[in-house]
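Trainee: let me see the structure of the following:
(chains A, B, C and D)
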Number of protein chains: 2
Amino acid sequence: MLSKKTKYAFHALTYLGKHRDQKTVLIQDISEEYGISHKFLENILLELKKAGILGSKKGKGGGYYLIKDPKDVPLSKVIRLLDGPIALLPCVSLNYYEPCVECKDEVKCGLNKVMIQVRDEMLNVLENKTLADILDKE
Amino acid sequence: MLSKKTKYAFHALTYLGKHRDQKTVLIQDISEEYGISHKFLENILLELKKAGILGSKKGKGGGYYLIKDPKDVPLSKVIRLLDGPIALLPCVSLNYYEPCVECKDEVKCGLNKVMIQVRDEMLNVLENKTLADILDKE
DNA sequence: TATAAAACCTATAAAAAAGATAGGGTAATT
DNA sequence: AATTACCCTATCTTTTTTATAGGTTTTATA
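Mentor: This next block holds a predicted model:
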């Protein structure tokens, strides 16, 4: 399951996507819309900004706005950013690889082989579905 | 990512699958092979037994053994048993459904719609890959 | 230029979940 | 009868997640 952080990130991105006509959106608008703590959401939006998905403007009249085209924001990117690895095991993660301590030889591990296949099929979905798909269905 | 519990379950099932020629396998054999705490593994094997995947025999000469054909043990079954939902959001889980508290109307939620698609594609993989696939690669 | 509004930053606390351990009870086999 | 190993429950520890707190910087505008 996704963490709340990631789920909230998707909600926020959806909200920002739906309000691309206006220059900026306040954290508070989003936090009220979904009943998310202002401060908690703040951290999430900051991460999305650092990742280059959102832009922001400080001061009065400021707020956040989407700088990427929704079709260029794959689900995989948001999940990796807030939740970490998409792979089901550390030993098959592309971005967060770690060997399994209990595994003597990864090359001979059948679980490893199968999980690589699972990872690739999951990635195929999560890299091709984007924020645009979410917005299309709203 | 899968929990250690689920990963250990897959290891144990693999071990049992590889030793189907012998009547029973001791918990200790598995825990030593993978360096898993005996007691921790005990709980895992118990759950697998309750789920009808393993059988056991008490007393001297006892132990665990696989009662299902490996090709009839899909990854999804093991994951659901030890880790819970496969879906990325509670509101799209088939086996562990819960509404999202922040969601006013699930029917109008684009995130919900997309995550249903993601779930179906993930399930397609996890229900078709089985213990047999792991054993084949060992 | 003062003020208010808003994002930005860092640290920490609280809660929940995962991981691990303990100790015994019960049943079956030799 | 003793041994062996499954079975069960409870508790403790650690890690992760979730949430909060308090201050700093930037910007618009009156």
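Trainee: any idea how chain A splits into domains?
Mentor: Using automatic domain parsing, the domain parsing of chain A gives A:4-66, A:70-133.
Trainee: format those as TSV; extra columns: distance to residue B:105 and mean pLDDT.
Mentor: Every residue, glycine included, has its C-beta placed from N, CA and C. Shown next, in TSV, are these (distance: least, CB to CB, whole Å; pLDDT from 0 to 100):
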stretch	distance to residue B:105	mean pLDDT
domain A:4-66	13	96
domain A:70-133	19	95
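Trainee: all strands of chain A, in order?
Mentor: In chain A, the segments counted as strands under DSSP state E are A:54-57, A:63-66.
Trainee: out of the ones you listed, deepest packed?
Mentor: Mean neighbour count, computed with mean count of other CB atoms under 10 Å in any protein chain shown, is highest for strand A:63-66 among these, reaching a mean of 21.
Trainee: would it count as contacting DNA strand C?
Mentor: Yes. Judged by CB under 7 Å from any atom of the strand, strand A:63-66 and DNA strand C are in contact via A:63, A:64.
Trainee: how about stretch A:1-15?
Mentor: No. Interface with DNA strand C: stretch A:1-15 contributes nothing (CB under 7 Å from any atom of the strand), its closest point being 8.3 Å away.
Trainee: output that stretch in PDB with nothing but the alpha carbons.
Mentor: Provided in PDB are the C-alpha atoms of stretch A:1-15 (Å, rounded to 0.1, in the frame of the first residue of the first chain):
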ATOM      1  CA  MET A   1       0.000   0.000   0.000                       C
ATOM      2  CA  LEU A   2       1.100   3.600  -0.600                       C
ATOM      3  CA  SER A   3       1.800   5.700   2.400                       C
ATOM      4  CA  LYS A   4      -0.500   8.600   3.200                       C
ATOM      5  CA  LYS A   5       2.200  10.900   2.100                       C
ATOM      6  CA  THR A   6       2.100   9.500  -1.400                       C
ATOM      7  CA  LYS A   7      -1.600   9.400  -1.500                       C
ATOM      8  CA  TYR A   8      -1.800  13.000  -0.400                       C
ATOM      9  CA  ALA A   9       0.800  13.900  -3.000                       C
ATOM     10  CA  PHE A  10      -1.400  12.500  -5.700                       C
ATOM     11  CA  HIS A  11      -4.400  14.400  -4.300                       C
ATOM     12  CA  ALA A  12      -2.400  17.600  -4.300                       C
ATOM     13  CA  LEU A  13      -1.200  17.000  -7.800                       C
ATOM     14  CA  THR A  14      -4.700  16.300  -9.000                       C
ATOM     15  CA  TYR A  15      -5.900  19.500  -7.400                       C
END
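Trainee: and that stretch, how far out from the chain middle?
Mentor: Centroid separation between stretch A:1-15 and its chain, computed with CA atoms, centre = their mean, to the nearest Å, is 7 Å.
Trainee: and that stretch, what's buried?
Mentor: Going by neighbour count (16 or more other CB atoms under 10 Å in any protein chain shown), the buried part of stretch A:1-15 is A:1, A:2, A:6, A:7, A:8, A:9, A:10, A:11, A:12, A:13, A:14, A:15.
Trainee: what would the domains of chain A look like in JSON lines with distance to DNA strand D?
Mentor: Formatted as JSON lines, the domains of chain A follow (distance: least, CB to the nearest atom of the strand, whole Å):
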{"stretch": "domain A:4-66", "distance to DNA strand D": "2"}
{"stretch": "domain A:70-133", "distance to DNA strand D": "7"}
